[in-house]
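Asks: What follows is a predicted structure for the sequence shown.
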Amino acid sequence: MDVKENVPEFPGEIYKDETGKTNFLVSSVDAVANWARSNSLWPLSFGTSCCAIELMSTVSAKYDWSRFGFEVMRASPRQCDLIIVAGTITHKMAPVLKRLYDQMPEPRYVIAMGSCAVSGGPFFYNSYAVVRGVDNILPVDVYIPGCPPRPEALIQGMMTLQEKIRKSKAYVIQKPHKEAI
Amino acid sequence: MENIENLNNEQLMTEEFVINIGPQHPATHGVLRVEVTLDGETVKDILPHLGYIHRGIEKMSEHMGYKQSIYLTSRMDYLSAHINNHACSLLIEKACGIEVPERAKAIRLIMDELQRLTSHQLWWGSCAMDIGAVTPFFVGFRDRERILDLFEANTGNRLTMNYIVPGGVMRDVLPNFVSDVRDVIDEVKSNFKDYTKLITGNFIFRHRTQGVGYLTKESAISLGCTGPVARASGVQCDIRKLYPYDGYDKLDFKEITDPGCDSWARYFVRMEEMKQSIHIIEQLLENFPEGESRTKLKGVLRVPAGEYYQRVETARGELGVFMVSDGSTKPYRLKYRTPCFSNLGAVTAIGKGLKIADLMATMATIDLIVPDIDR
Amino acid sequence: MSKDELKNYLGQHFSEFSLTESFDFTELHVPKENILDVLKQLKESPATAFDFLFCETAVDRNPALELVYHITSTQYRHDLVVKTVLEDRENPVIESVYPLWTAAELYEDEIYDMFGIRFSNHPKLRRIMLTDEWVGYPLRKDYQDDKMIVK
C-alpha cells in the first residue's frame, strides 16, 4: 500500500521496503493516542453570558472551528470531553457547573474563556454573588483573557490546549474519582 | 391481571410529573431554569427560576461613580449594548443639563439602529434553530459579521462597546464612515431575499408558528410587556414615537403593530422592524452633520439631588433607568427596569396548555436574554 | 390628560394626600393602609385609566423603607408615581397589588428578595434571585458580607 509522503501532524515514522512501498508505520502508543484526542475534542455547549455570543461566532461560518476538529457541540456532558466556561459564574450556578464537570468522562479538559471566568472580571469589586474565577471550582487547563475575547483569541486558546494534550502522557492509571455520579 | 374494563378511574390514573428545562440547555438562550409540570406532553404549569446569572449590578453601582457604572450596562442586555449605554448617558445629561452636539446625536442614532439590526439578525438565526432549522443560524451570524466589522473599526469592540458616554460619543468616527455604512446597508437589503426563501415563506415554519402561543391584548398590558411582544398583540408602545429622544421626532418611520397575537405575529413584527431600521439609517446618512463629537466633562461627575427616569427602546422593549441621587459622586439607588423581566411573565401566561414543542417555539419568538432578567 | 390637568384632578379627588414634583413626573404620597384602594381607584376610573404598571421598586431611606410605583395609561399616555413609606424596618408588611396588575408578581418577588418587604395576598412569594438559604437582604444599606464582597 502507498501512504502519502508528508503527513506532518502524524507522530510516527514511515518505513519503506526495497521497492519503495510502505509496509510499516512505527510510532508510540502515547503519540498516536494524543494525536487522535487533540484533533477531535467535542465541547459542551455551556455559555452563561456575553462570551457565549463570541463562542457562537466562532462556531459559525466566518471563524469556523470545525476545521480544528471541534465539529460537534453536544448538549449532554456524558458525550463531551471539553467544557468551555464562557461567562460569569455566580454563587447559585457554581454547584450546577461542578455537577456537569463530574458527569463528564475522563480525559476531560477545561478552558476558562473571558475575564469573568478567569478572575471575576469587571465584577471583582463590590459584587456579592460572583465567584471570582472558575478555578475556585474546577481545574483549568487554558485561560483566555478578554472582555469578550475575539474569536481568534478563542481559537488560539484551543490550539494551545491541543499542544498541551500532545505533550502529555496518554495512558495514566488514576484512582477513581470519589464523587463520580 | 384483572380485565381492563373492570378497572375504575383511580386504578388507571396517570400522574403528572415535574421536569426541569435548564439551567444548562441549548434552547433557553442563557441560564434560565423552567420547572414544567407535564401531563403526557401537555404543559400544566410553568414556574421559572432565575438568579443563575444574578451579579448584583444594582448594588455595585452604589459604590462606583457615574461614569464607571455605565460600562456595566452593556453587560446586561449585551445584544443592545449601545442602546443600554445610551439610556444611562441620556439620564445623566438630563440631570446635569449637558448639551450634546448634533453630530454626536446622529452618530448615536446610527449606532443604535445598526445594533438593533444585529440583534434581530441573531434572533432570527437562533429562533429558526430552536424550531429545528440549522442553516439560518449560520446565515444570520454571517450577515451580522459585516456590521460587527464596522463597529470594531469605529468603536474598538464587537460586543460590549462603551462608546456612547455622557456628553456625546467617545471618539469621532472614521472619515469614510458614511460610505461604509451605505455599503453595509445595501448588503443587508439584498439579504432579505434569502430570509424570505429560507424561513418566512417556509410552509413548515408557518405551520409551527401560526396559531401558537396566543397572548391577548389585555394580558399583554396587565403583564407589563413592551417591545415586539406587545406590538404583536396590538399595543402601541414604541418609545421612539411616544417619548422621542436625540432626534427621533424628526425622522419618518412607521411603528409596526400586528393584531395577530400569536408567534407568527411576533416574528413578522421583528422582520418589518429590520426594514424600518434600514429606512431610518438611510435618512440619517443623507444629512450627516459636521461638528464636534463630544462635550468634554471636567472632573468627577456630580448629579444634583433628586429622582430621574429615562426610557429608551431597545431591541427587546422598553428599558427604563430610575436613579435616586443625593448630590454626591455616587448614585444612591440605581434601578434598571429591563424589558425581558416583564416579558418573562408572558411565558408563564402563554405556556399553560401548550405542548412542549410549542412552548419552545413560543420562547423562541419572545426572545429572552437571561442576563437582562437577572441583572 | 396633560400634566397640569392631572395635577388638578388628583388635587380634587385625592385631596387628603400630598402631591410633589420630581424632575419628570408628579408624585402622590399615600400612607400604607390606603395604597390598594388608591391604586384601584386610579386604575378603574375612566378619566385616568392607569392600566400599565411599568416599574415597581423600593428605596432604602434610613431608617424607613420606601416603595415606589410607576404607572401609566395606554389610552391617555400620562404617567404618575405613587409612593408609600414603611416605618417598621424589622418586619415590613404591605398589601400586594397583584390583583390589579399581573406584572407585580415578579417585581414583588424581587423586592422581597432584595429588601425583605413581605407582601400579603401574593400568589407565591419566594426568593427568585438568590438561593433559598441566603441570609440577609443585599440592597439594604446596612448589609454586611465580608466573605463575598471585595472592596
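Replies: Cool, the structure landed. Residues are numbered from 1 along each chain as shown, chains lettered A, B, ... in the order given.
Asks: Tell me, how many residues neighbour the residue in chain C that chain B sits nearest to?
Replies: Across chain C, the shortest distance to chain B (CB to the nearest CB) belongs to residue C:103, at 3.3 Å. Just so you know, the C-beta spots here come from the backbone N, C-alpha and C atoms, and that holds for glycine as well. If you count neighbours by other CB atoms under 10 Å in any protein chain shown, residue C:103 ends up with 23.
Asks: Surely it touches residue C:55?
Replies: No - with contact defined as CB atoms under 8 Å, residue C:103 does not reach residue C:55; the gap is 9.3 Å.
Asks: secondary structure class for the closest residue to residue B:247 other than its chain neighbours?
Replies: The shortest distance from residue B:247 to any non-neighbouring residue, by CB to CB, 6 or more residues apart in numbering or on different chains, is to residue B:105 (5.1 Å). The three-state label given to residue B:105 by DSSP: H, G, I helix; E, B strand; the rest coil is helix.
Asks: quick one, phi/psi of the residue of chain C closest to chain B?
Replies: Main-chain dihedrals, residue C:103, degrees, to the nearest 10: phi -60, psi -20.
Asks: re the thing from before, surely the residue nearest to residue B:247 touches residue B:249?
Replies: No - Residue B:105 is beyond contact range of residue B:249, at 11.8 Å (criterion: CB under 8 Å).
Asks: Mind checking which of those two has more residues around it?
Replies: Under the criterion of other CB under 10 Å, the comparison of residue B:105 against residue B:249 puts residue B:105 first, with 18 against 10.
Asks: Ramachandran coordinates for residue B:334?
Replies: The phi/psi pair for residue B:334 (degrees, to the nearest 10) is phi -130, psi 120.
Asks: Which residue is the nearest non-sequential neighbour of residue B:32?
Replies: In space, residue B:32 is closest to residue B:370, 4.9 Å off (CB to CB, 6+ apart).
Asks: so how far is residue C:116 from the one you found?
Replies: For residue B:370, the distance to residue C:116 (CB to CB, to the nearest Å) stands at 25 Å.
Asks: Next: residue A:85.
Replies: Applying CB to CB to residue A:85 and residue C:116 gives a distance of 33 Å.
Asks: Give the residue spans of chain A that score low on pLDDT.
Replies: A:1-18, A:20-27, A:171-181 (pLDDT under 70).
Asks: That one: strands as residue ranges?
Replies: A:13-16, A:22-26, A:43-44, A:82-86, A:109-113, A:142-144 (DSSP state E).
Asks: now do the stretch 51-200 of chain B
Replies: B:164-165, B:168-169 (DSSP state E, counting those that start in this stretch).
Asks: residues from chain A in reach of chain B?
Replies: A:45-50, A:52-54, A:56-57, A:60-62, A:75, A:87-88, A:90, A:92-93, A:96, A:100, A:122-123, A:125-130, A:147-148, A:150 (CB under 8 Å from any CB of the partner chain).
Asks: of these, list those near chain C.
Replies: Among those, chain C is touched by A:92, A:125-129 when using CB under 8 Å from any CB.
Asks: now the residues you listed in a markdown table, with neighbour count?
Replies: Below are those laid out as a markdown table (neighbours: other CB atoms under 10 Å in any protein chain shown):
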| residue | neighbour count |
| --- | --- |
| A:92 | 24 |
| A:125 | 13 |
| A:126 | 16 |
| A:127 | 27 |
| A:128 | 23 |
| A:129 | 25 |
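Asks: how much space between residue C:20 and residue C:81?
Replies: Residue C:20 is 9 Å from residue C:81, where distance means CB to CB.
Asks: same question, residue A:64
Replies: Counting by CB to CB, the gap from residue A:64 to residue C:81 is 52 Å.
Asks: Could you check which of these two has the larger neighbour count?
Replies: residue C:81 (20 against 15).
Asks: The more buried one contacts residue C:26, doesn't it?
Replies: Yes - in this structure, residue C:81 is within contact of residue C:26 by CB under 8 Å, at 6.9 Å.
Asks: picking that back up, want to try CSV for the strands of the stretch 51-200 of chain B, with mean pLDDT and mean neighbour count as columns?
Replies: Shown next, in CSV, are those (pLDDT from 0 to 100; neighbours: other CB atoms under 10 Å in any protein chain shown):
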stretch, mean pLDDT, mean neighbour count
strand B:164-165, 90, 24
strand B:168-169, 89, 26
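Asks: Which helix runs longest in chain A?
Replies: helix A:151-166 (DSSP state H).
Asks: Going by neighbour count, which residues of it are buried?
Replies: A:151, A:153-155, A:157-158, A:161-162, A:165-166 (16 or more other CB atoms under 10 Å in any protein chain shown).
Asks: can you check stretch A:93-100 too?
Replies: A:93-94, A:96-97, A:100.
Asks: give me every residue that touches residue B:302.
Replies: Residue B:302 makes contacts with B:327-329, as judged by CB atoms under 8 Å, 6 or more residues apart in numbering or on different chains.
Asks: ugh, wrong one, I meant residue A:146
Replies: Per CB under 8 Å, 6+ apart, neighbours of residue A:146: A:114-115, A:153.
Asks: near chain B, which residues of chain C show up?
Replies: C:22-25, C:51-55, C:57, C:59-60, C:68, C:70, C:74, C:77, C:101-103, C:105-106, C:127-131, C:138-139, C:151.
Asks: 7 Å - rerun?
Replies: C:22-25, C:51-55, C:57, C:59, C:74, C:77, C:101-103, C:105-106, C:128-130, C:138-139 (CB under 7 Å from any CB of the partner chain).
Asks: Show me the subset of these that also lies near chain A.
Replies: Applying CB under 7 Å from any CB to the residues of chain C next to chain B, those adjacent to chain A are C:130, C:138.
Asks: Name only those of the residues of chain C next to chain B that count as buried.
Replies: C:24-25, C:51-55, C:57, C:59, C:74, C:101-103, C:105-106, C:128-130, C:138-139.
Asks: and the closest residue to chain C within chain B, how many neighbours?
Replies: In chain B, the residue found nearest to chain C is residue B:224; the distance is 3.3 Å by CB to the nearest CB. Residue B:224 has 27 neighbouring residues, counting by other CB under 10 Å.
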